[in-house]
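Chemist: Test case, fold it:
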Amino acid sequence: MLIFFKKETLESHPICACCSQQATKENAPITFTDLDFAGTDPNQDDPMVIIVELQNFAVKKVLVDQGSSIDILYWKTFRKLQIPPEDLTPYDDPIYGFAGERVPTKGYVDLHTTFGEGQGVRTILIRYLVVDAHTSYNVLLGRPSLNAIGAIVSTPHLAMKFPSPSGDILTVHGDQKAARECYMASLKLPQPPLTAHNIETTPEGALLVGDDLDPRINSDSRVEPMGETRQFPLTRAANRKEAKPVSQKKHKLGEERRQAAKAEAEKLRLAEFVGEARYTTWLANVVLVKKPNGKWRMCVDYTNLNKACPRDAYPLSSID
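Modeler: So this is what the prediction gives:
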């Protein structure tokens, strides 16, 4: 996630890592070899996720993001670190994400952060902006902290190297398992709901009105066709000539599923999306699947009909 400030905001409220003075002596060159890879799957494009020490806590799921101009401590992690809220320095200006979305801030706090393990460690003071946002990570380390320790990140090796105060080169390896867990968790994060500007409240509940369904309705600048128009007849599905109609036997749904299917069918009928048909040659049962929120999703089993229809010459493109 790329995070950046507006120029005037950054100048008036500097949020950056508290950097130590640069070492006067020349450090050893930093290089990477295949031996630096400590993951389980070398064929990877995983992000750099490491472990750091904050407030005497070993904090996992720390994302190293060279595209971020700030260091972020997420609000959920801030609370778990048992930091008194009064230690936060107020900072109300929002930050902006990759798509330009506004992200609210809580303030900022300076924390000593330790990189590495055992004897090969380095501790610096980092100024974290505390952000309340949905994420699968605990901390996001951006360019300020990476520049402060002189870190070089190699994503092919999932390793980060930086000089110690004595001039030795220290290595921090990425946690490939944690990186993939965070990625999978991010796919399940709640997304902000889509807002509709035209909603009318009826006795049956909220109802979307015309402007949300078709912007041409009730508009002074309605788009009209140009030139001669003609009716385009709707045709039936192009079944194979040798295909025979299939009428599935009625499946018992149970009382709860039956009531849910009846309610969904009534909604479709009122919306004039479906109509009643008698003596149909093709008949398929509905399948009800329970959603995570406890409600029912009604599907139709088109397996037999799909087998009887020729393959579309213009299929949809592959969707990831």
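Chemist: Flag the shaky bits of this protein, pLDDT-wise.
Modeler: 1-25, 98-99, 189-241, 278-280, 310-320 (pLDDT under 70).
Chemist: At which residues are the helices of it located?
Modeler: Secondary structure of the chain (DSSP state H): helices at 7-12, 75-80, 143-149, 176-186, 210-213, 255-270, 303-308.
Chemist: Now tabulate those in a markdown table and tack on distance to residue 246 and mean neighbour count.
Modeler: In this view, the C-beta of every residue, glycine as well, is placed from N, C-alpha and C. Shown next, in a markdown table, are the helices of the chain (distance: least, C-beta to C-beta, whole Å; neighbours: other C-beta atoms under 10 Å):
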| stretch | distance to residue 246 | mean neighbour count |
| --- | --- | --- |
| helix 7-12 | 65 | 11 |
| helix 75-80 | 53 | 16 |
| helix 143-149 | 62 | 20 |
| helix 176-186 | 39 | 16 |
| helix 210-213 | 34 | 12 |
| helix 255-270 | 20 | 13 |
| helix 303-308 | 4 | 14 |
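Chemist: Output the ones you listed as CSV; include the columns distance to residue 91.
Modeler: Output for these, formatted as CSV (distance: least, C-beta to C-beta, whole Å):
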stretch, distance to residue 91
helix 7-12, 10
helix 75-80, 13
helix 143-149, 15
helix 176-186, 26
helix 210-213, 37
helix 255-270, 48
helix 303-308, 57
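Chemist: what's the closest of those helices to residue 283?
Modeler: helix 303-308 (9.3 Å; C-beta to C-beta).
Chemist: then the closest one to CSV, C-alphas only?
Modeler: The C-alpha trace of helix 303-308 is given here as CSV (Å, rounded to 0.1, in the frame of the first residue of the first chain):
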residue,chain,number,x,y,z
THR,A,303,-26.1,-28.0,-15.7
ASN,A,304,-28.5,-29.8,-18.1
LEU,A,305,-29.3,-26.7,-20.1
ASN,A,306,-25.6,-25.8,-20.5
LYS,A,307,-24.8,-29.3,-21.8
ALA,A,308,-27.5,-28.9,-24.5
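Chemist: the domain parsing of this structure - what is it?
Modeler: The record's domain split for the chain, according to automatic domain parsing, is 7-186, 240-310.
Chemist: Just name the most buried of the ones you listed.
Modeler: Ranked by mean neighbour count under mean count of other C-beta atoms under 10 Å, the domains of the chain are led by domain 7-186, which reaches a mean of 16.
Chemist: and that domain, how far out from the chain's middle?
Modeler: Its chain's C-alpha centre and that of domain 7-186 lie 20 Å apart, by C-alpha atoms, centre = their mean, to the nearest Å.
Chemist: same question, stretch 170-187
Modeler: Chain-centre distance of stretch 170-187: 15 Å, with C-alpha atoms, centre = their mean.
Chemist: I would like the residues contacting stretch 276-295, please.
Modeler: 245-248, 250-251, 253, 257, 260-261, 265, 269, 296-305 (C-beta atoms under 8 Å, 6 or more residues apart in numbering).
Chemist: rerun that using 7 Å as the cut-off
Modeler: 245-248, 251, 253, 257, 260-261, 296-302, 304-305 (C-beta atoms under 7 Å, 6 or more residues apart in numbering).
Chemist: contacting residues around the closest residue to residue 92 other than its chain neighbours?
Modeler: Closest residue to residue 92 apart from its sequence neighbours, by C-beta to C-beta, 6 or more residues apart in numbering: residue 105 at 6.7 Å. Taking C-beta under 7 Å, 6+ apart, we find residue 105 in contact with 91, 92, 93, 94, 95, 129, 130, 131.
Chemist: hmm, try it at 10 Å
Modeler: 15, 70, 72, 75, 88, 90-95, 129-133 (C-beta atoms under 10 Å, 6 or more residues apart in numbering).
Chemist: One more: residue 44?
Modeler: Per C-beta under 10 Å, 6+ apart, neighbours of residue 44: 37, 155, 156, 158, 174, 176, 179, 180.
Chemist: taking those residues as a set, which two sit the farthest apart in space?
Modeler: 156 and 180 (16.2 Å).
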